[in-house]
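Visitor: With the input below, show me the fold.
(2 chains)
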Amino acid sequence: MGSVPQPILSGSPGVDRTGDLSGSHRQPPELRLIYDTAPIGLAFLSPDCRYLQINQRLTEICGISVADHIGRSVRETVPQVADQVEKIVQIILSTGEPIMGVEVNGQRPDGTNAERYWLTSWHPLRGPEGAIVGINVVAEEITERKRAEAALAASETRFHELADNVSQFAWTADQSGWIFWYNKRWYDYTGTTLEEMQGWGWRKVHHPDHVDRVVRRIRQCFESGTPWEDTFPLRGRDGSYRWFLSRALPIRNEAGEVIRWFGTNTDVSEQIVAEEALRDLNETLELRVESESRERARIWNVSQDLLVVTDSQGKFLTVNPAWTATLGWSEADLVGSTSEWLLHPDDREKTRAELARLAEGRRTLQFENRLRHKTGIFCWLSWTAVPDRGLIYAVARDITALKDAEAALQRSQRELARTSRQTTMGAMTASIAHEINQPLSAIVLNGNAALRFLSRPQPDLEGARAGLMNIVEDGHRAGQVIASIRAMFGKEQITKTELDLDELVRQVLTMTHGELESHRVLLQIDLLGKLPRVLGDRVPLQQVFLNLIMNAIETMATISSRARILSVSSELHDTHHVLIKMRDSGAGIDPNDMGRIFDAFFTTKSNGMGMGLAICRSIVEAHGGRLWGSAAIPHGSIFHVALPRADTVGGQ
Amino acid sequence: MMPQPEPQSVVFVVDDDASMRAAMQLLFRSVGLRAEVFASAAEFLRSKPADVPCCLVLDVRLPGLSGLDFQTELAKADIQVPIIFMTGHGDIPMTVKAMKAGAIEFLAKPFRDQDMLDAVRVGLERDRSRREGEKAISNVRSKFASLTPREQEVMGFVNAGLMNKQIAAEMQLAEITVKLHRGSVMRKMEAKSLADLVRMADIVGIRKKT
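Guide: Model (predicted):
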């Protein structure tokens, strides 16, 4: 071992004193101990880079013992650092200045080849002549520190890579909330710089409507050290805003003091839009459901039609207000019972039948009945109803006015038919009357003239004769008029075709239906329907039956003590004729008059012309038939119309 | 012999019914009235009735022109003849219409002969007095026409109530000349008095000179 250089322990005086560079043995043992056990590497190199001294710690670089180092060169012992060491030594030798804080690195010789680092300081030691006699080396291994630094740098890099590449914005602020760092995303989005944004500069990219709230709340969090969360719009570089969910957490040291804040902003525009859309949708749905039910309720309430839900037995479960409006009964009156108690007696049976049909699952499409109004009058209702799952949903419409109008129409139709019949008959009788009137008037005048001629002081017989002759002529003329009336309905005027007499009578009965009804005449029809056809002229025969029916109605009009019944029947009269019988329950015909009723101008009516039956008989006889009357037992009379069958040649 | 109350008058009967025509003719003959009968209005118009007091008995229902229409036509042509209507089927509106148009009577067939004769008598009387009135007027007019212009002028002043002296001054004539004209007027007009002359002046419509 060489001498230990003094400066290592006590500075230059030792060197000055001995000048011996290798005299370690002169080293006090305690210093030697310190030297050997120091946690830093120590060495004393000669200017040609040989170890003059080295401590235990430094030998660990190469694993060679202390003793083996002495006198040997750096290149021999630790060739991997030799270049660096030699260069440093060279610089010191040329400058004479110490070099501090130089990093030296090299691989471990143990085969792991792990890199090791040392932070070294180099101090030249001068001899008495001032020449550099050696260099003191202090080497502190900083491999661990370097590793930690590298790890930290890598961690920082990884953090920034991560922070710059996450989809969120990220930032950090100091404990006061002063933001000093934003990630790249932030700048990419906002198009700003750190200068603009640092501290509280971020307010620039906030929406004016939100910024005050955001500042207020984040300030509270910064002050209280509580986590922060808010959602607000941020302006992008294109000027448009997007919504961000933003959070910040305090980073605390071990003492629990806030040292930093770490914040993120997450773009939630899509969620917001989706949320809004969903909310809108929900609201719309709610509104729709609500408005639909409101609409239905309104329909139920404002409907003019009567709406009712009943059970399968027809018991009312709910009714709408139209019931009260139309019939006067309250909901409480109606619910809980069937309509039975309101029904018109005549409608009960058919209503029960209709309910039974509904109970079988069939719909009611058209059904009319009458329900009693609270005032006692009956209202006509027209129903539609649907059975569904044990309930009946029914709608009724008040058709009373319609029915009244219908009845009025029927009345006016009857009136019209009657008027036109009267007009026809009236015109015909007026025309006949005029024809008869002329000769009649002439007869009266001629008679009077003749009387005047005779009543002169000198009777003018010639004049009287002229008058009488005129009268004779007039009489003949009147006869001719009657003959021509008969001729009017005579055979020449009739166009015969084959007719179904039953059908023809039915038609006439239809025409007179209104008249029969308004006079409360009950009609009993017994038409065989399979009788042989007759030969006849439809229109005049219709006139005949029309006349007979009207006479029957008229004759029964005064009857109130018994039913007014018109019976119409058909039968085969004999081999050649079909017979229609019309029987009334009227006052009947005096047996004395029976032979005369078919005479012209004979009438038992106060306002009759006495032509109807005469004309009827003319018509029937022109058909080769017969018309006669007989008394009915116990009341009324029967008129018989026999007409020849079409299938018997020529008839009777 | 037979009473001839209306020797110059005639009753026209228009009826399309032959027996009625014959009966009517005989009825009027039985009371000494002359009757002329026609089967239609056209037939009546074609005849040249004598200019004597007359009346017309019309059946309402006539072939062609009806009785009521015929009445209207006559009024339009200013033929003033009293009309009596007959009808086989008289109704009130028709009657009212006919009476309003000046008919004497409206008789429904068969009517009482006396009713017809009374109506005809009224008609003839009305026609006679109408005719007499017309005759008097035309008589006065022809007499007035026979006056000289001077005499007509004098008559006008007389009618206006002027004295002879005043008339002379008006006409720048001697009073004696006026007196002569005036005498001539009275004679030619066959005036029995001054009042009579004034009445005739009114009939001819002389304007009163003042």
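
Visitor: residue ranges with poor pLDDT in chain B?
Guide: For chain B, the stretches flagged by pLDDT under 70 are B:1-7, B:89-92, B:207-210.

Visitor: ranges for the strands of chain B?
Guide: Assigned by DSSP state E, chain B shows strands spanning B:10-14, B:34-38, B:54-59, B:83-87, B:105-108.

Visitor: same question, the stretch 351-500 of chain A
Guide: A:364-372, A:378-388, A:391-398, A:497-499 (DSSP state E, counting those that start in this stretch).

Visitor: circling back to that earlier point, make JSON lines from the strands of chain B and add distance to A:His513 and mean neighbour count to it.
Guide: Where you see a C-beta, it was placed from the backbone N, CA and C, and this is true even at glycine. Below are the strands of chain B laid out as JSON lines (distance: least, CB to CB, whole Å; neighbours: other CB atoms under 10 Å in any protein chain shown):
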{"stretch": "strand B:10-14", "distance to A:His513": "49", "mean neighbour count": "22"}
{"stretch": "strand B:34-38", "distance to A:His513": "52", "mean neighbour count": "18"}
{"stretch": "strand B:54-59", "distance to A:His513": "43", "mean neighbour count": "26"}
{"stretch": "strand B:83-87", "distance to A:His513": "39", "mean neighbour count": "25"}
{"stretch": "strand B:105-108", "distance to A:His513": "39", "mean neighbour count": "20"}
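
Visitor: These: which one's closest to chain A?
Guide: strand B:83-87 (8.1 Å; CB to the nearest CB).

Visitor: Nearest to chain B: which residue in the stretch 451-600 of chain A?
Guide: For the stretch 451-600 of chain A, CB to the nearest CB, closest residue to chain B: A:Arg452, 3.9 Å.

Visitor: hang on, that residue packs against B:Gly32?
Guide: No - contact status for A:Arg452 versus B:Gly32: not in contact, 9.9 Å apart, counting by CB atoms under 8 Å.

Visitor: what separates the nearest residue to A:Leu381 once chain neighbours are set aside from chain B, distance-wise?
Guide: Once flanking residues are discounted, A:Leu381 sits nearest to A:Ala396: 4.2 Å by CB to CB, 6 or more residues apart in numbering or on different chains. Relative to chain B, A:Ala396 is positioned 52 Å away (criterion: CB to the nearest CB, to the nearest Å).

Visitor: now A:Gly71
Guide: Taken as CB to the nearest CB, the span from A:Gly71 to chain B is 173 Å.

Visitor: can you pull the pLDDT of that residue?
Guide: As predicted, A:Gly71 sits at a pLDDT of 87.

Visitor: Just give the nearest non-adjacent residue to it, would you?
Guide: Closest to A:Gly71 by CB to CB, 6+ apart is A:Arg50, at 6.0 Å.

Visitor: And for B:Gln152?
Guide: B:Phe144 (6.9 Å).

Visitor: what number of residues lie near that neighbour?
Guide: Using other CB atoms under 10 Å in any protein chain shown, B:Phe144 has 20 neighbouring residues.

Visitor: shouldn't it be in contact with B:Asp202?
Guide: No - at 11.5 Å, B:Phe144 does not count as touching B:Asp202 under the criterion of CB under 8 Å.

Visitor: mind listing the helices in chain B by residue range?
Guide: B:18-30, B:41-46, B:67-76, B:92-100, B:113-145, B:149-159, B:164-171, B:175-188, B:194-204 (DSSP state H).

Visitor: Enumerate the residues of chain B near chain A.
Guide: By CB under 8 Å from any CB of the partner chain, the residues of chain B that approach chain A are B:1-2, B:17, B:19-20, B:22-24, B:26-27, B:29-31, B:61, B:88-89, B:109-111, B:113, B:116.

Visitor: Next one: the spatially most distant residue from the centre of chain B from chain A, what distance?
Guide: Distance from the C-alpha centroid of chain B peaks at B:Ala174, with 43.7 Å (CA atoms, centre = their mean). Going from B:Ala174 to chain A by CB to the nearest CB gives 69 Å.

Visitor: Quick check: that residue touching B:Ala168?
Guide: Yes - between B:Ala174 and B:Ala168 there is a contact at 6.2 Å, judged by CB under 8 Å.

Visitor: What helix or strand is the closest residue to chain B within the stretch 1-150 of chain A located in?
Guide: Across the stretch 1-150 of chain A, the shortest distance to chain B (CB to the nearest CB) belongs to A:Ala150, at 136.3 Å. Using DSSP states H and E, the element containing A:Ala150 is helix A:143-165.

Visitor: which outside residues touch that helix?
Guide: Outside helix A:143-165, the residues that touch it by CB atoms under 8 Å, 6 or more residues apart in numbering or on different chains are A:Ala114, A:Glu115, A:Arg116, A:Tyr117, A:Trp118, A:Ala170, A:Asn183, A:Lys184, A:Arg185.

Visitor: one more time with 7 Å
Guide: Contact with helix A:143-165 is made by A:Arg116, A:Tyr117, A:Ala170, A:Asn183, A:Lys184, A:Arg185, as judged by CB atoms under 7 Å, 6 or more residues apart in numbering or on different chains.

Visitor: ok so, going back, now for the residue farthest from the centre of chain B: which residues touch it?
Guide: B:Ala168.

Visitor: Next, the contact list for A:Asp347, please.
Guide: A:Asn369, A:Arg370.

Visitor: wait, A:Val138
Guide: Contacts of A:Val138 (CB under 7 Å, 6+ apart): A:Ile40, A:Leu42, A:Thr120, A:Ser121.
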